[in-house]
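just the structure for this:
(one chain, ligands or ions: 2)
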Amino acid sequence: MTAITRRDADIDPLTAAMAPPPNESEEDRQARLAAEHAAKVRSDAIDEELNRQRQAEKRAPKQVKVLLLGQSESGKSTTLKNFQLMHSPKAFRAERALWKAVIQLNIVRSIRLILDSMTEAQEAHSSPAPSTYSTSSSSRPASPLVEKEYPRLSPDLLKLKMRLSPLLSVEEALTRTLAPSGSSELEATRLIPLRYSSRSNTPPKEPSVYAGALWKGALGRLMSSDKGSDVDDREEVVWDDPKDPGLVLHACAADMTQLWNDPTVRKLLEVQRLRLEEMAGFFLDSLDRVTAPKYVPSDDDILRARLKTLGVSEHRFKLKTAAWVPYFDDVEAIIFLAPISCFDQVLQEDPSVNRLEDSILLWKAIVSNPLLKHTSMILFLNKCDIMRAKLASGIQFSKYVISYGDRPNNFETASNYLRKKFSGIQKQCSPKPRSYYCHFTSVIDTSSTLHILQNVQDVLLRSNLEQSSLV
Ligand SMILES: Nc1nc2c(ncn2[C@@H]2O[C@H](COP(=O)(O)OP(=O)(O)OP(=O)(O)O)[C@@H](O)[C@H]2O)c(=O)[nH]1
Ligand SMILES: [Mg+2]
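Ligands and ions are numbered 1, 2, ... in the order given. Coordinates of the predicted model:
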């Protein structure tokens, strides 16, 4: 009985299944052997391919994954442009012509904001006197319109406004170009209401595109086909459409300059607290240059151009680094952008939230996230140039950041105060100690940013090296 049991166990079910049928003919046997041989050849080929891939992966540089995070308008896309300029300058420059359309859209948007302000001033002057409001209802707050002291607009200024109204349709055309109908990007790039009154409390929707290069393709196709799809470094944009937005902008250039330099307009913007020169995509001080027929955007212009990104995109860059890079494990790092200049601004999507406060809360959430506990954190306290200008112009930091108290209202003190605040949160809220670096940045400045990104890259590689116990 014991013997029988042992014999049963010896018969491996797999061997039994693979064994030839008990009464196999010679012909069947040949066919079976041929099929088995073919299967073996296939399987060996697959093994070989897998081995080849494994070897190739070992030789290829390991990827260093870096995530760019931060609230809207913090400078993520601009930092990415810096990476592109650093690692694939040719590809970056090949897109100059495409950015021209974005810059045109930025100009038209700034002009529309001025025209909207003028409309509001006109309405304020034609609306009833303040006393009508104060007697109408005790619970109703006085209209903000009548509290503001709008300057009166001269007939000449109103004529100028009329002359510039065709720009509104240019805005519409450009927005459509960036998100042609039928594309998945259309929904996100909904047209801005032609007239926006600040009374309505709904800010105009900003043109936006989904992450990735879809919009670039759409725009590229619209350009003159006889030039081919490769847009050369110095090539100007040539549109198929005779109503080229560039032509309209060129024709309106003198009027736009006159509008922007008009003292009444400046006063009006001041009353509205609309600081266009600090807003994203500001080009009104370079109208002559950027509306010239042969204008080609410079690196600087491209970095300043503003187009909102929706969604997440992935970009790969090959780092020109030493041969030892392939031996490191993956390193995950986050570059977090906090635009410190926004201490006196609120979120567009929720005007009850201060932008700086939003950045701090977001930072806190990221550093305390247990899933990211091994991730190196690189903090960019960004838009230092705007921060410096704001403080120099007399805007009081302590009015918005009460805890700042009576410290001096200068860039050095205020920026260091914020650096300590962000670093403190990192130290306190990280689940465990981690690599942490902080930089003061102005990512529109390519040379200083290049320097910082180089440093970031070195640090990431070094920390990888340490983790791999190679140093
Ligand atoms: N002056 C100045 N402008 C900056 C700086 N960083 C970014 N900008 C500008 O601010 C605007 C917004 O920057 P983006 O890079 O588009 O911001 P983002 O984080 O990608 O924003 P979303 O796509 O909305 O998430 C752009 O017009 C940039 O040129 C800076 O350090 N200084
Ligand atoms: Mg973006």
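
my read: residue 397 touches residue 415, true?
No: contact criterion CB atoms under 8 Å: residue 397 and residue 415 do not qualify, at 9.8 Å. For glycine as for every other residue, the C-beta is placed from the backbone atoms N, C-alpha and C.

between the two, which one's more packed in?
Using other CB atoms under 10 Å as the criterion, residue 397 and residue 415 rank with residue 397 on top: 24 against 19.

roughly how far apart are the more buried one and ligand 1?
In this view, residue 397 and ligand 1 are 18 Å apart by CB to the nearest ligand atom, to the nearest Å.

go on, residue 261?
Using CB to the nearest ligand atom, residue 261 is found at 21 Å from ligand 1.

from residue 114, how far out is that residue?
Residue 261 sits 11 Å away from residue 114, taking CB to CB, to the nearest Å as the criterion.

and these two? Which one has more around it.
Neighbours per residue (other CB under 10 Å) separate residue 261 from residue 114, with residue 114 holding more: 23 against 12.

dump the residue contacts of the more buried one.
Contacts here follow CB atoms under 8 Å, 6 or more residues apart in numbering; on that basis residue 114 touches 259, 260, 265, 269, 276.

swap the cut-off to 10 Å and go again
With contacts defined as CB atoms under 10 Å, 6 or more residues apart in numbering, the neighbours of residue 114 are 161, 164, 256, 259-260, 262, 265-266, 268-269, 272, 274, 276, 284.

again, but for residue 295
For residue 295, the residues meeting the contact criterion (CB under 10 Å, 6+ apart) are 100, 103, 104, 236, 237, 246, 249, 250, 286, 288, 289, 301.

can you find the helix or strand in this protein with the smallest mean pLDDT?
The helix or strand of the chain with the lowest confidence, counting by mean pLDDT, DSSP states H and E, is helix 130-136 at a mean of 41.

need the residues touching each of residue 261 and residue 114.
With contacts defined as CB under 10 Å, 6+ apart, the residues adjacent to both residue 261 and residue 114 are residue 284.

list the contacts of the residue of the stretch 351-471 of the chain found nearest ligand 2.
Using CB to the ion, the point where the stretch 351-471 of the chain gets nearest to ligand 2 is residue 443, with a distance of 11.6 Å. When the contact criterion is CB under 10 Å, 6+ apart, the partners of residue 443 are 74-82, 303, 337, 339, 380, 382-385, 449, 452-453.

restrict these to those near ligand 1?
Residues shared between the contacts of residue 443 and the neighbourhood of ligand 1 are 74, 75, 76, 77, 78, 303, 382, 383, 385 [CB under 6 Å from any ligand atom].

what is the neighbour count of the first one?
So the one you mean is residue 74. Applying other CB under 10 Å, we find 25 other residues in the vicinity of residue 74.

what helix or strand is it on?
Per DSSP states H and E: residue 74 is located in neither a helix nor a strand.

so it versus residue 288, what's the distance?
Residue 74 sits 31 Å away from residue 288 when distances are taken as CB to CB.

kindly report the same for the second one.
Between residue 75 and residue 288 the computed distance is 27 Å (CB to CB).

could you do residue 36 as well?
Applying CB to CB, one obtains 80 Å for the distance of residue 36 from residue 288.

likewise for residue 404?
When distances are taken as CB to CB, residue 404 and residue 288 turn out to be 41 Å apart.

neighbour count winner among these two?
Taking neighbours as other CB under 10 Å, residue 404 and residue 288 compare with residue 404 leading, 19 against 12.

in the sheet, who's paired with the one residue in the stretch 251-400 of the chain that gets nearest to ligand 2?
Residue nearest to ligand 2 within the stretch 251-400 of the chain: residue 309 (3.0 Å; CB to the ion). On the basis of DSSP bridges, residue 309 takes part in beta bridges with residue 209.

I'd assumed residue 80 was in contact with it.
Yes: with contact taken as CB atoms under 10 Å, residue 309 and residue 80 are classed as touching, separated by 9.0 Å.

so where does residue 449 fall, helix or strand?
In the assignment (DSSP H and E), residue 449 maps to helix 446-467.

for stretch 169-181, give the mean pLDDT please.
In this model, stretch 169-181 has an average pLDDT of 74.

pull the CA atoms of it into PDB?
Taking only C-alpha atoms (Å, rounded to 0.1, in the frame of the first residue of the first chain), the coordinates of stretch 169-181 have been written out as PDB:
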ATOM      1  CA  SER A 169     -13.000  89.500 -32.900                       C
ATOM      2  CA  VAL A 170      -9.300  88.900 -33.300                       C
ATOM      3  CA  GLU A 171      -9.300  87.500 -29.800                       C
ATOM      4  CA  GLU A 172     -12.100  85.200 -30.800                       C
ATOM      5  CA  ALA A 173     -10.300  84.100 -33.900                       C
ATOM      6  CA  LEU A 174      -7.100  83.400 -32.100                       C
ATOM      7  CA  THR A 175      -8.800  81.500 -29.300                       C
ATOM      8  CA  ARG A 176     -10.500  79.300 -32.000                       C
ATOM      9  CA  THR A 177      -7.200  78.800 -33.700                       C
ATOM     10  CA  LEU A 178      -5.600  77.500 -30.500                       C
ATOM     11  CA  ALA A 179      -8.500  75.100 -30.000                       C
ATOM     12  CA  PRO A 180     -10.100  74.400 -33.400                       C
ATOM     13  CA  SER A 181     -13.700  73.200 -33.300                       C
END
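
so how far is it from its chain's centroid?
Centroid separation for stretch 169-181 versus its chain: 20 Å, with CA atoms, centre = their mean, to the nearest Å.

before we move on, back to that, and the residue of the stretch 351-471 of the chain closest to ligand 2, how far from residue 85?
Taking CB to CB, one finds residue 443 at 11 Å from residue 85.

ok, residue 31 next?
In this structure, residue 31 and residue 85 are separated by 64 Å, where distance is defined by CB to CB.

and if you look at residue 302?
For residue 302, the distance to residue 85 equals 9 Å [CB to CB].

and these two? Which one has more around it.
residue 302 (23 against 19).

hang on, the earlier thing: what touches both of residue 302 and residue 85?
Once CB under 10 Å, 6+ apart is applied, the residues that residue 302 and residue 85 both contact turn out to be 92, 93, 446.

the last one - how many residues pack around it?
In this case it means residue 446. By the measure other CB under 10 Å, the count of residues near residue 446 is 19.

so who does it touch?
Taking CB under 10 Å, 6+ apart as the definition, contacts of residue 446 comprise 78, 81, 82, 85, 86, 299, 300, 302, 303, 453.

turn those into JSON lines, columns for secondary structure and pLDDT.
JSON lines is the format used below for the contacts of residue 446 (DSSP: H, G, I helix; E, B strand; the rest coil; pLDDT from 0 to 100):
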{"residue": "78", "secondary structure": "helix", "pLDDT": "93"}
{"residue": "81", "secondary structure": "helix", "pLDDT": "91"}
{"residue": "82", "secondary structure": "helix", "pLDDT": "92"}
{"residue": "85", "secondary structure": "helix", "pLDDT": "89"}
{"residue": "86", "secondary structure": "helix", "pLDDT": "87"}
{"residue": "299", "secondary structure": "helix", "pLDDT": "93"}
{"residue": "300", "secondary structure": "helix", "pLDDT": "94"}
{"residue": "302", "secondary structure": "helix", "pLDDT": "94"}
{"residue": "303", "secondary structure": "helix", "pLDDT": "94"}
{"residue": "453", "secondary structure": "helix", "pLDDT": "90"}
